[in-house]
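In: model the following, please.
(one chain, ligands or ions: 2)
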Amino acid sequence: MPGKILIVDDDIDTLRLVGMMLESEGFNIIAAKDGQRGIALARSETPDLIILDIMMPELDGYAVTRQLRQEKSTRGIPILIFTAKTGQDDKMLGLELGADVYLTKPISTRELLTQVNKVLSPIEEEEAKSPGKTNAKGAIAVMAAKGGMGASTAAINLGIALLRQTRLPVIVSDFRPGQGSLALDLGYDQSSSFNRLLEITPKEISPQLIEDTLVDHNSGVRLLLSSPNLRDAKYNSKIANFEIIAQRLPQLADYTIIDLGPGLTDLNLRVLPYCSQVVVIVEPAPQSVSQSRELISELSILGIESDQIKLVVFNRIHSALQLSFGEVEELLNLKIASAFSPNREMANEASIHHIPLMILRPEGLTARQINQLASHFIDQDE
Ligand SMILES: Nc1ncnc2c1ncn2[C@@H]1O[C@H](COP(=O)(O)OP(=O)(O)O)[C@@H](O)[C@H]1O
Ligand SMILES: [Mg+2]
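Out: Ligands and ions are numbered 1, 2, ... in the order given. Got it, this is the predicted structure:
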């Protein structure tokens, strides 16, 4: 998988040694001996990786990193800082500015090579570790057999519950370009920044770029919002992009929740293997349960075991056709993790004011039920 590597260092010996070592591994090497030339080569050559020194006269490595991260054409190129500056603050600054790895000199050539390969193929690495298996630290998917069953409501409120219970960073996203209901539900109706992650090649989607696309919600949860504009449905075909995003989002927060919505679309089938947990919403009615049964058996074909599924009974309307919880559990051969009670008046108020239930009625029954669902994900980590 060798590629093109740009080395930027004012020390000719480092340039020569590191360059020769990587060349012998089959990489194509280009070099610059100061920051300004480094930036110019990054623009014109678009290397697959930049190995960057910090202490250089004129433009230092931090300034180079900042500049590269600001420019559209260079923003996605991984940066490995390779420096004699060993302080923890130096390292934090480098990573904050957008470097992917921070290595200090001296280092063995083998270690440097390992790190280079890791940056260049994070995806292949992950897959090699657990082929065909769900990612241990992956996202929590929220889905239902069909639409309108409360998946989006569950996703955002579960995110807020996890944040409030753990105080750890949480990201909530929906993978529905053209039907971004999370944006509509929360009142960001013009939101279309997610599109820029779908307009580039999968390789260009760096963690930093995803981070830049997140929106801060006043609950403290960060959001990656699909566009609600109908014509953006064309991005549903960018499945490889969604795969990378599903894989990288969990690197940016302790909890990542993805509203996958209804059904087993091509997109959902490809993203699900990267999720470590799946919340399945079911209505306690015979037809809904039999569809959910089919959904759960498809999940098992994808390698998602029953202990990775959290079953939620979402009871939006009282109806004569209701099954008991015991019947639902028996038909699906799964325990119910939580049940949400019907409260149309509260749901309407939440929707009109764009305020999630967890914030609107934090002490209410529904909030307690959502907290209970959240606790399933917290207990597991301990
Ligand atoms: N506890 C509740 N009781 C009644 N209706 C609810 C409740 N929670 C959500 N709803 C409503 O159910 C509808 C569908 O919810 P939504 O989360 O958008 O479903 P999905 O994402 O599965 O399509 C929305 O109109 C929402 O306001
Ligand atoms: Mg929805």
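
In: drop to CA atoms for contacts and neighbour counts, all remaining ones
Out: OK.

In: what residues does the protein have near ligand 1?
Out: Proximity of the chain to ligand 1 (C-alpha under 6 Å from any ligand atom) is limited to residues 147-153, 261, 316, 341-344, 347-348, 351.

In: domain parsing for this structure?
Out: Domain ranges of the chain: 4-120, 139-381, per automatic domain parsing.

In: dump the ones you listed into CSV; add mean pLDDT as well.
Out: Formatted as CSV, the domains of the chain follow (pLDDT from 0 to 100):
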stretch, mean pLDDT
domain 4-120, 91
domain 139-381, 93
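
In: could those domains go into JSON lines alongside mean neighbour count?
Out: Below are the domains of the chain laid out as JSON lines (neighbours: other C-alpha atoms under 10 Å):
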{"stretch": "domain 4-120", "mean neighbour count": "18"}
{"stretch": "domain 139-381", "mean neighbour count": "19"}
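
In: contacts for the helix or strand hosting Leu68?
Out: Element membership for Leu68, per DSSP states H and E: helix 61-70. Residues outside helix 61-70 that contact it (C-alpha atoms under 8 Å, 6 or more residues apart in numbering) are 35-36, 38-39, 52-55, 74-76, 79, 81, 93-94, 97-99.

In: render the CA-only coordinates of the helix or strand encompassing Ser152 in PDB, please.
Out: Using DSSP H and E, Ser152 maps to helix 151-166. Output of helix 151-166 as PDB, limited to C-alpha atoms (Å, rounded to 0.1, in the frame of the first residue of the first chain):
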ATOM      1  CA  ALA A 151     -35.800   6.000  16.300                       C
ATOM      2  CA  SER A 152     -34.800   9.600  16.000                       C
ATOM      3  CA  THR A 153     -36.400  10.500  19.300                       C
ATOM      4  CA  ALA A 154     -34.600   7.700  21.000                       C
ATOM      5  CA  ALA A 155     -31.200   8.600  19.400                       C
ATOM      6  CA  ILE A 156     -31.000  12.200  20.500                       C
ATOM      7  CA  ASN A 157     -32.400  11.600  23.900                       C
ATOM      8  CA  LEU A 158     -30.200   8.700  24.600                       C
ATOM      9  CA  GLY A 159     -27.200  10.900  23.700                       C
ATOM     10  CA  ILE A 160     -28.300  13.500  26.200                       C
ATOM     11  CA  ALA A 161     -28.900  10.900  28.900                       C
ATOM     12  CA  LEU A 162     -25.400   9.400  28.400                       C
ATOM     13  CA  LEU A 163     -23.800  12.900  28.600                       C
ATOM     14  CA  ARG A 164     -25.700  13.800  31.700                       C
ATOM     15  CA  GLN A 165     -24.900  10.500  33.400                       C
ATOM     16  CA  THR A 166     -21.300  10.200  32.500                       C
END
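
In: for this protein, just list every one of the strands.
Out: Under the criterion DSSP state E, the chain contains strands at 4-8, 28-32, 49-52, 79-83, 101-104, 139-144, 170-174, 215-216, 222-224, 255-262, 275-282, 309-314, 336-340.

In: the first one vs strand 79-83, what angle?
Out: Meaning strand 4-8. When axes from the mean of the first three to the mean of the last three C-alpha atoms, to 10 degrees is applied, the directions of strand 4-8 and strand 79-83 differ by 40 degrees.

In: any residues touching strand 4-8, and which ones?
Out: 15, 19, 27-35, 38, 41-42, 47-53.

In: is it true that Thr256 touches Val142?
Out: No: judged on C-alpha atoms under 8 Å, Thr256 makes no contact with Val142 at a distance of 10.7 Å.

In: out of the residues of the chain next to ligand 1, which comes closest to Leu112?
Out: Lowest distance from Leu112 to the residues of the chain next to ligand 1 (C-alpha to C-alpha) belongs to Gly261, with 42.4 Å.

In: any idea how far the residue lying closest to that closest one once chain neighbours are set aside lies from Asp34?
Out: Spatially, and ignoring its direct neighbours in sequence, Gly261 is nearest to Met143 (4.7 Å; C-alpha to C-alpha, 6 or more residues apart in numbering). Plainly put, Met143 is 51 Å away from Asp34 if you go by C-alpha to C-alpha, to the nearest Å.
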